[in-house]
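Q: sequence and predicted model, in that order:
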Amino acid sequence: MRDHMARALGAATVLYSAAIMIRPRWLAGPCGLAETDGSVSAATAVLVRAIGARDTALGAAIVFAPTPAARRTALWCRAAADLSDAVLFGAAQQDPARRAKIAAVAGGWAALNAAAAQSLTGRPHS
């Protein structure tokens, strides 16, 4: 069952990451990177799409990893990426409420992926 949960996290990552590559404002807005009218500059769209591409690759690695050890590694990489997002995007915010929200969401995903990786350590896999 733990393996299925890890794969579900990977699949959710792929879906959300593909979505933000199509609609960068879905990430830019909550992160405070959108313009005041809600639009997203070309430079911000490139940044968001790069993050989406990174996370799509990480999510696919989680889903399709051939061994539990490979899946653990992909989950730890995803957790590290989310933690860096929490720190970097949060630190860029002037608004404490927005900073807290970014830290909670990205930090929460980091914790979920770390917990999934830890759950695969030294245990039978399904």
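A: On my side now, so go ahead. This one's a predicted model, so the numbers in the text were calculated from it and none came from an experiment. Numbering: from 1, shown residues only.
Q: which parts of this structure are helices?
A: Residue ranges of the helices in the chain, as given by DSSP state H, are 2-22, 25-28, 42-64, 68-91, 96-119.
Q: so of the ones you listed, which one's packed in deepest?
A: Highest mean neighbour count of these: helix 25-28, a mean of 20 (counted as mean count of other Cβ atoms under 10 Å). For glycine as for every other residue, the C-beta is placed from the backbone atoms N, C-alpha and C.
Q: closest one to A34 among the helices of the chain?
A: Put simply, out of the helices of the chain the one that sits nearest A34 is helix 25-28, at 4.5 Å, with distance taken as Cβ to Cβ.
Q: packing partners of the closest one?
A: Counting contacts by 3 or more Cβ pairs under 8 Å, 6 or more residues apart in numbering; DSSP states H and E, the secondary-structure elements packed against helix 25-28 are helix 2-22, helix 42-64.
Q: same thing but 6 Å
A: Applying 3 or more Cβ pairs under 6 Å, 6 or more residues apart in numbering; DSSP states H and E, one finds that helix 25-28 makes contact with helix 42-64.
Q: would you mind giving the helices of the chain as a markdown table with mean pLDDT and distance to A34 added?
A: Written out in a markdown table, the entries for the helices of the chain read as follows (pLDDT from 0 to 100; distance: least, Cβ to Cβ, whole Å):
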| stretch | mean pLDDT | distance to A34 |
| --- | --- | --- |
| helix 2-22 | 95 | 12 |
| helix 25-28 | 94 | 5 |
| helix 42-64 | 97 | 7 |
| helix 68-91 | 94 | 13 |
| helix 96-119 | 93 | 12 |
